Every structure is written in C-alpha cells, then in structure tokens.
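**Q** quick check, what structure comes out for this input:
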Amino acid sequence: MGLKRLMRCCCCIAKHADDDDKIDFGGGNVHVVTSKEDWDQKIAEANKDGKIVVANFSASWCGPCRVISPVYAEMSQTYPQLMFLTIDVDELMEFSSSWDIRATPTFFFLKNGQQVDKLVGANKPELEKKVAAVAGASSQADAAGSKTV
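**A** Model (predicted):
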C-alpha cells in the first residue's frame, strides 16, 4: 500500500488525484527537491550560507497542501535569508518515510541540518509566525556574525 493511502491529509482522508491535477510546488524562491542527493546538496548549501531551511513535505492530492502552497511561495520571497524546500511525499516516498511524515503538509525548520521546529498542517497564521521567528533568529545571527571587534 502506498504512502499516500496510509497518510492523513490534515483533517481529511486524502484521495489520489489524476496526474493532470498536480500543482506546482515551486514558485517564488521555493526549491523542489527531487532526490536525496538534491536534498543533501540544498542542506549543504544552506549550511554554508548560514541559512535556516524550511522544508515542506507535501502532496499534490492534498487539499490543504494546495491551499498553503501559494502562501509558502510568497513567504519564500518575503524571507530570502531562509531556504525554502518542498518535497513531494509521493515522489520521494522512502525519503519522506525517514522523516516520519504522518500528515501533509508537514513543515520542518532546520538549522545546520538539525530540526529546530516543526508544524503539521496548513495553519497559515502559525506557519507565518514560525517562519517570521526563524527569519528573525537568522537575521540576528547574521548581524552578530558581521560585527567587527
């Protein structure tokens, strides 16, 4: 049985849509992760650049994922100091399972590759709050690192 049939789509039982029904998870400054290697490269890039990663584990058949996707893309433009990634749980089932994704969307906030926060569900106010908080923390770290003594 596929991952999509086992997972709950935030408050509803998800049904698989036709391929024509897929949505574009990119947009804005969102990077769509298509492989484990791509993930590793983006995490390494974020670590090198001192960026906090916001990773959205999503699915094309998930209604709440469709609703939050444009909001997520807009946030990626508002907060360029962060790296926004989207992972389609159906395209990367094994990888998504390794993150113990039980509902979509699930957002992870990572600093230096380590989880610092998590949000399950398409709760726009809560997502905005968490993204703003990590963006503020990222900006403060940048300011502290750029001070000359």
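**Q** which pLDDT value does the model give the nearest residue to Asn56 once chain neighbours are set aside?
**A** Leaving out its chain neighbours, the residue that sits closest to Asn56 by CB to CB, 6 or more residues apart in numbering is Thr86, at 4.6 Å. All C-beta spots, glycine's among them, are computed from the backbone N, C-alpha and C. Thr86 is assigned 97 on the pLDDT scale.
**Q** would Thr86 count as being in a strand?
**A** Yes: Thr86 forms part of a strand when assessed by DSSP: H, G, I helix; E, B strand; the rest coil.
**Q** verify the stated contact: it with Val30.
**A** Yes: contact criterion CB atoms under 8 Å: Thr86 and Val30 qualify, at 5.4 Å.
**Q** which neighbours do those two have in common?
**A** Common contacts of Thr86 and Val30 (CB atoms under 8 Å, 6 or more residues apart in numbering): Asn56, Tyr72.
**Q** before we move on, back to that, I'd like the distance between the residue nearest to Asn56 and Lys130.
**A** 16 Å (CB to CB, to the nearest Å).
**Q** can you check Thr106 too?
**A** 12 Å.
**Q** overlap in contacts, these two.
**A** Residues touching both Thr106 and Lys130 by CB under 8 Å, 6+ apart: Leu119.
**Q** who's more crowded, these two?
**A** Neighbours were counted for Thr106 and for Lys130 using other CB atoms under 10 Å; Thr106 has more, 23 against 18.
**Q** give the closest residue to the more buried one in space, chain neighbours not counted.
**A** Phe57 (4.6 Å).
**Q** my guess is the one you found is in a strand, correct?
**A** Yes: when classified by three-state DSSP, Phe57 is found to be part of a strand.
**Q** just the buried positions in stretch 102-119, please.
**A** Ala103, Thr104, Pro105, Thr106, Phe107, Phe108, Phe109, Leu110, Lys111, Leu119 (16 or more other CB atoms under 10 Å).
**Q** ignore the last one, stretch 86-100
**A** So for stretch 86-100, counting by 16+ other CB under 10 Å, buried means Thr86, Ile87, Asp88, Val89, Asp90, Leu92, Phe95, Ser96, Trp99.
**Q** next one: stretch 29-41
**A** So, applying 16+ other CB under 10 Å, buried residues of stretch 29-41: Asn29, Val30, His31, Val32, Val33, Asp38, Trp39.
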